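> Here is the input, now give the coordinates:
(one chain, ligands or ions: 2)
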Amino acid sequence: MPNPSAPRNNGKQQDPALRRKNFDEVAHTFTKEEALAEADRCLHCPTHPCQNACPVGVHIPDFIAFIKAGDAGAAVSEIMKTSLLPAICGRVCPQEKHCEGHCVLKAKFGAVNIGGLERYAADTARAEGALKPPVPAASTGKKVVCIGSGPSSLACAAELRRAGHDVTVLEALHAYGGVLRYGIPSFRLPREVINKEVQTVQDMGVKFKTDVLVGATIKLDELLKEYDAVYIGSGAGLPMMLGIPGENGVGVYSANEFLTRINLMQAYKFPQTDTPVQVGKHVVVLGGGNSAMDAARCAMRLQPETVTIAYRRSREEMPARAAEVEHAQEEGIQFEYLVTPKEILQDEQGRVTGIRFTRNQLGEPDERGRRRPVEIPGSDFVQPADTVITAIGQRPNPTIAKTTPALKTTERGVIALNEKGETSMPGVYAGGDIIRGGATVLLAMNDGIAAAGRINEYLKGK
Ligand code: FAD
Ligand code: SF4
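Numbers count the residues shown, from 1 in each chain. Ligands and ions are numbered 1, 2, ... in the order given. Predicted coordinates for the structure are as follows:
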């Protein structure tokens, strides 16, 4: 009999006092005993509301049943029927918004720790040699190229390969994974986990090439001569600017630059690595999403005196994963809610000395249902700071669209799709942040999987 009333196990974590000084992974994978006990809480609901709320429809009660039976290999095979990056998703998906947010146990006893169990299944099966890449269908003789190597392209490439096509992934950077590698820090997602998940896709026979910036190294039109179809999963890697005075001051970073230095270039190991990164004594991060949490937690590990996250709404409207906000608080990061930055102040040398903020109160909900910040007149104050990191959103890099006149984009710069999910160019498909302007790993993967289905149909008729 299941034991739903047993307390939810959030998993063990590195002590906050230690982890705020290192880049080692914060959360630990369940032991077998912990996984069995957590799996035992699941009621295996026949209507599986958790699974219905998962963007890629992972067979949640079924994989949990395999864990309960002590078979991590079978559990991960069940997950991989719909999601090929289980060790990544178990670590970074916003489960509280998707599966765990809909678990029937949530209100009374706490949701089953589905993310923790997914991660356990992937890590354990891999360690036991029981994580097997899916076997591709017989060759179709068709060639497809996926642009970018983030979760969207990885998912699309794996599905296309599964269907028997010859698939190549082209990546502009020198390493694969997109935001997983250059945005999300190793203390949340260790680099070897990304490497192993990419290796699974490589083991299926997908080919990968680095240092190819489509639109510069090669044009999209040229790719269409070599390949039967193209998937664009080039993400949204361009930081948005605040548009306030002082934004170019010395000591101001975009979260994108700050995180890329630390995560991709390993600047926190400088001078053993080539790229430096510096923070002063008082760091202020502007924003309330995952980028803001990651930037603040990375900054904390460089050991300034204070790190503050300043957000224009309240805690309730913050879009970051709940676990990251809690971890940031445990690590000593301060939060200043309901404030809008008006000016970044500088000394005569242009070095940042502080930020002038105005306080807000919450007004009516916006089109997404989040209450709008409304400024309180006369509430200005100055927060001292010598390092400012802006994390207020990302937008697509225009390189591909600018060099492909036939490819339609919207005024937000994202690639436009018609009601059938097609771009304005036959044989060219797109998904992930390049059509959404910023989303989640699972939504990006889901777009890639859906586009692979459309590409399969398109290639049948070719
Ligand atoms: P990306 O991951 O951006 O990958 C796009 C890839 O395409 C990049 O590698 C880029 O170099 C490459 N590329 C771009 N242009 C070209 C070109 N012209 N030619 C060739 N290659 C090109 N989501 C979650 O679910 N959970 C989280 O915890 C989370 N944390 C996040 C933390 C940060 C700091 C950020 C920025 C985002 C986070 N997100 C999180 C959001 C999530 O990472 C993204 O929604 C997701 O990565 C989008 O996937 P994608 O494949 O569309 O694009
Ligand atoms: Fe198990 Fe919760 Fe899903 Fe029900 S909703 S099957 S209890 S994880």
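> Then Glu364 would be within a strand, right?
Yes - counting by DSSP: H, G, I helix; E, B strand; the rest coil, Glu364 falls inside a strand.
> Please list all residues in contact with the residue in the stretch 301-450 of the chain that ligand 2 sits nearest to.
In the stretch 301-450 of the chain, the residue found nearest to ligand 2 is Leu442; the distance is 16.3 Å by Cβ to the nearest ligand atom. (Glycine included, C-beta is placed from N, CA and C.) By Cβ atoms under 8 Å, 6 or more residues apart in numbering, the contact list for Leu442 reads 54-56, 83, 89, 93, 98, 151.
> rerun at 7 Å
55-56, 89, 93, 98 (Cβ atoms under 7 Å, 6 or more residues apart in numbering).
> Let's see which of the residues you listed end up in helices.
Among those, the ones falling in helices (DSSP state H) are Cys89.
> May I see the contacts of Leu442 organised as CSV, with neighbour count and pLDDT added?
Below are the contacts of Leu442 laid out as CSV (neighbours: other Cβ atoms under 10 Å; pLDDT from 0 to 100):
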residue, neighbour count, pLDDT
Pro55, 22, 93
Val56, 22, 93
Cys89, 27, 97
Cys93, 28, 94
His98, 23, 94
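> For the residue of the stretch 351-462 of the chain found nearest ligand 1, what are phi and psi?
Nearest to ligand 1 in the stretch 351-462 of the chain, going by Cβ to the nearest ligand atom, is Gly432, at a distance of 2.2 Å. The phi and psi values for Gly432, taken as degrees, to the nearest 10, are phi 80, psi -150.
> where along the stretch 251-400 of the chain do the helices fall?
255-259, 290-301, 322-330, 399-402 (DSSP state H, counting those that start in this stretch).
> near ligand 1 at all, the biggest helix by length in the chain?
Longest helix in the chain, counting residues (DSSP H): helix 441-460. Yes - with Cβ under 6 Å from any ligand atom as the criterion, ligand 1 is reached by helix 441-460 at 441-442, 444.
> from the chain's centre, how far out does that helix sit?
18 Å (Cα atoms, centre = their mean, to the nearest Å).
> now stretch 156-169
22 Å.
> start to end distance for stretch 68-84?
One end of stretch 68-84 to the other measures 21 Å (Cα to Cα, to the nearest Å).
> who touches that stretch?
By Cβ under 7 Å, 6+ apart, stretch 68-84 touches 36, 39-40, 56-59, 62-63, 66-67, 86, 89, 118, 121-122, 124-125, 128, 130-131, 134, 155, 158, 200-201, 445.
> Counting neighbours, which bits of that stretch end up buried?
Neighbour-count burial for stretch 68-84, with 16 or more other Cβ atoms under 10 Å as criterion, is recorded at 68, 71-80, 82-84.
> That one close to ligand 1?
No - taking Cβ under 6 Å from any ligand atom as the criterion, stretch 68-84 and ligand 1 are apart, separated by no less than 12.2 Å.
> any residue of that stretch up close to ligand 2?
No - Stretch 68-84 lies out of reach of ligand 2 by Cβ under 6 Å from any ligand atom, never closer than 10.7 Å.
> so where is the stretch 1-150 of the chain shaky, pLDDT-wise?
Scanning the stretch 1-150 of the chain for pLDDT under 70 picks out no residues.
> Name the residues of it found near ligand 1, please.
92-94, 147-150.
> repeat for the stretch 151-300 of the chain
Checking the stretch 151-300 of the chain against ligand 1 by Cβ under 6 Å from any ligand atom, the hits are 151-153, 170-173, 178-179, 183-184, 212-215, 233-235, 237, 259, 290-291, 294.
> Tell me the bridge partners for Arg359.
Note on Arg359: beta-bridge partners by DSSP bridges are Val339.
> Tell me how many other residues crowd it.
18 (other Cβ atoms under 10 Å).
> That one contacts Pro377, correct?
No - taking contacts as Cβ atoms under 7 Å, Arg359 lies outside contact range of Pro377: 9.8 Å.
> so which residue of the stretch 101-250 of the chain comes closest to ligand 2?
Cys103 (3.3 Å).
> nearest spatial neighbour of that residue, skipping sequence neighbours?
Excluding its sequence neighbours, the residue lying closest to Cys103 (Cβ to Cβ, 6 or more residues apart in numbering) is Ala111, at 3.6 Å.
> who's in contact with that neighbour?
8, 100, 103, 105.
> And it, how far from Cys42?
Going from Ala111 to Cys42 by Cβ to Cβ, to the nearest Å gives 10 Å.
> hmm, back to that, mind checking pLDDT for the residue of the stretch 301-450 of the chain closest to ligand 2?
You'll see Leu442 listed with a pLDDT of 93.
> about what we covered before: now do the contacts for the residue of the stretch 101-250 of the chain closest to ligand 2.
50, 111-112.
> Throw those residues into TSV and include secondary structure and distance to ligand 2, thanks.
Listed next are the contacts of Cys103 as TSV, based on DSSP: H, G, I helix; E, B strand; the rest coil; distance: Cβ to the nearest ligand atom, whole Å:
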residue	secondary structure	distance to ligand 2
Cys50	helix	3
Ala111	coil	6
Val112	coil	4
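> which of those residues lies closest to Arg312?
Proximity of the contacts of Cys103 to Arg312 (Cβ to Cβ) peaks at Ala111, which lies at 29.4 Å.
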